[in-house]
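S.K.: need a 3D model of the following:
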Amino acid sequence: MTETIAILIQISYFIFLSLFPLNAFNNRLSYFSVSKLSFIDKLSANTIININVLFILSLLKISFSIIFYFQIIFGIASLIFFLKNQKEFNYKDIYILIIIFIINFILSIVIASNLILGWDSDFRWIMKALNFVQGNNVDNLYKFTDSAYPFLGSLIWGYFWKNSLLGYEYFGRLFYIYLFILSIFSLSEILNFKLNYRICVVISLILLGFQYVYFNGYQDIVIFSIICFISKILYCYFFDYKHKKSRKISLEIILLILLFNILVWIKHEGTIYLCFFLILFLFFSKNYQSNIFLTASIILIFIFKLKIYDYLNLPFPYPEVYSRSFSDFGFETLLSRFLLVSKYYLIFIFNNFLMLISLISFLLIFIFQKNTRYLKFFLLFFLLNLGFIYGSHLFMNLQNVDYWITHTIPRFMIQTTGFYLIAFFIFFNKLSRFLK
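M.R.: This next block holds a predicted model:
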């Protein structure tokens, strides 16, 4: 019973952090160029902002206890101010929070009943999380194995592990579940359905897509969630014609920058995906001011990462497994690896339900959809992503390549599944109109 109550309190804390600094209960945020955000949009934006704040304060070597009390005091003061000045209240918002809370609780019980960590998690990620739990700061990271690996995922894990009622390890990983649920809710707003129908679709996707292995300490599910948020913003920016266009730097662009910053500090692959999204944005955007601002911001993110690595005496990551030249790989070797990657890519699609239905939806859109912008949008990212998967495995400078392929491809696939889910929602919208 004590553990159950502690889980309920932990989930409440996650939701609490999603209610500020933007007023989650106010229907209008007039100080941004976007005049109206959905409740889920505001929960997502606040979560993204708070992760970045945690990251920056940790770089300043501020202790978790001070960050925690700052959040509690600032959050309560903000909510009091928000509610005091609230003229109208939408009870649908409370309904959504209750649904998110219940789903989070159910999946948290699953995690609590199976506390097995993955190999990478046990060897790499939990050790860095433990560094923060024990009161050490980022200065201590250079002492760890694979210190070149990004550490934000472990920082989040350690932060919520430390700031939990019972101090159990898995309480930190419960935030990954909350992020997973919130990201799918965010992406589902593409659906032109009434709230209850949309919630049914979301719950179905969450339950069908949930696998314990995604939450055993690996960071891939965090990448998945961040890419869901990014994909939602890009879809609304390019395809939602009700969306208010402006020459000003909109809230979406600011959030994209914050999401890109999170992406590069979770795993190395995040930097590759950031480049893909920049290419996608520049290809479709006609707003030159936004293009320049976003490109400059990404360059600053890279410079910032270089400076932080140098400041913390961390070895900057380099592609040691791809250090051999093209001439070192014979045609037969490349062909056998190409066939091996293709084989396992197809096999693992059927082990990832969300990816499977997304790619089927993409193919159906490709066959029946006349909107070439949709096709270019999906096809460009798909080709970039496929090129990354093949390229990263064809030129591996490692033994037992078949072993590494079977372990890395499923993780690469779950990371980018959030982008392809857009195709499922678009197709669902088209299908529902056809059935009417």
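S.K.: longest helix in this structure, please.
M.R.: Longest helix in the chain by number of residues (criterion: DSSP state H): helix 401-435.
S.K.: what's around Phe419, how many residues?
M.R.: The criterion is other Cβ atoms under 10 Å. On that basis, Phe419 has 27 neighbouring residues. Just so you know, the C-beta spots here come from the backbone N, C-alpha and C atoms, and that holds for glycine as well.
S.K.: my guess is it contacts Leu384, does it?
M.R.: No. Phe419 is beyond contact range of Leu384, at 10.5 Å (criterion: Cβ atoms under 8 Å).
S.K.: which residues do those two both contact?
M.R.: Shared contacts of Phe419 and Leu384, defined by Cβ atoms under 8 Å, 6 or more residues apart in numbering, are not found at any residue.
S.K.: do you know how far Ile347 is from Val341?
M.R.: According to Cβ to Cβ, to the nearest Å, Ile347 and Val341 sit 11 Å apart.
S.K.: between these two, who's got more neighbours?
M.R.: In terms of neighbours (other Cβ under 10 Å), Val341 is the more surrounded of Ile347 and Val341; the figures are 22 against 12.
S.K.: show me what contacts the closest residue to that one other than its chain neighbours?
M.R.: Counting by Cβ to Cβ, 6 or more residues apart in numbering, the nearest residue to Val341 once its immediate chain neighbours are dropped is His393, at 5.0 Å. Under the criterion of Cβ under 8 Å, 6+ apart, the contact list for His393 reads 337, 340-341, 401, 404-405, 408-409.
S.K.: could you redo the last one with a cut-off of 7 Å?
M.R.: Contact partners of His393, counting by Cβ atoms under 7 Å, 6 or more residues apart in numbering, are 337, 341, 405.
S.K.: can you check the pLDDT for it?
M.R.: Looking at His393, its pLDDT reads 79.
S.K.: could you dump the helix or strand it falls within to CSV, C-alpha only?
M.R.: Counting by DSSP states H and E, the secondary-structure element that holds His393 is helix 372-394. The C-alpha trace of helix 372-394 is given here as CSV (Å, rounded to 0.1, in the frame of the first residue of the first chain):
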residue,chain,number,x,y,z
THR,A,372,2.1,15.3,-52.8
ARG,A,373,3.2,17.4,-49.8
TYR,A,374,2.3,14.6,-47.5
LEU,A,375,4.3,12.1,-49.7
LYS,A,376,7.4,14.3,-49.9
PHE,A,377,7.2,14.9,-46.1
PHE,A,378,7.2,11.2,-45.2
LEU,A,379,9.4,10.1,-48.1
LEU,A,380,12.2,12.6,-47.4
PHE,A,381,12.5,11.6,-43.7
PHE,A,382,12.1,7.9,-44.5
LEU,A,383,14.9,7.9,-47.0
LEU,A,384,17.2,9.9,-44.7
ASN,A,385,16.4,7.5,-41.8
LEU,A,386,16.8,4.4,-43.9
GLY,A,387,20.1,5.7,-45.2
PHE,A,388,21.3,6.2,-41.7
ILE,A,389,20.2,2.7,-40.6
TYR,A,390,21.9,1.0,-43.6
GLY,A,391,25.0,3.2,-43.5
SER,A,392,25.6,2.7,-39.8
HIS,A,393,25.5,-1.1,-40.2
LEU,A,394,27.2,-1.6,-43.5
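S.K.: any idea how far it is from the chain center?
M.R.: Relative to the centre of its chain, helix 372-394 is centred 19 Å away, using Cα atoms, centre = their mean, to the nearest Å.
S.K.: where does Asn137 fall, phi/psi-wise?
M.R.: With angles defined as degrees, to the nearest 10, Asn137 shows backbone torsions of phi -110, psi -170.
S.K.: could you say what helices and strands whichever strand or helix holds Glu332 packs with?
M.R.: With secondary structure defined by DSSP H and E, Glu332 is part of helix 331-349. In this structure, helix 331-349 makes packing contacts with helix 353-368, helix 372-394, helix 401-435, judged by 3 or more Cβ pairs under 7 Å, 6 or more residues apart in numbering; DSSP states H and E.
S.K.: against Ser392, how distant is the residue nearest in space to the middle of the chain?
M.R.: For the chain, the residue nearest the mean C-alpha position is Ile226 (1.7 Å; Cα atoms, centre = their mean). In this structure, Ile226 and Ser392 are separated by 20 Å, where distance is defined by Cβ to Cβ.
S.K.: for Ile48, same thing?
M.R.: The separation that Ile48 has from Ser392, given Cβ to Cβ, amounts to 28 Å.
S.K.: could you do Ile94 as well?
M.R.: As for Ile94, its distance to Ser392 is 45 Å (criterion: Cβ to Cβ).
S.K.: of these two, who's got more company?
M.R.: Counting neighbours by other Cβ under 10 Å for Ile94 and for Ser392 shows that Ser392 has the greater number, 20 against 12.
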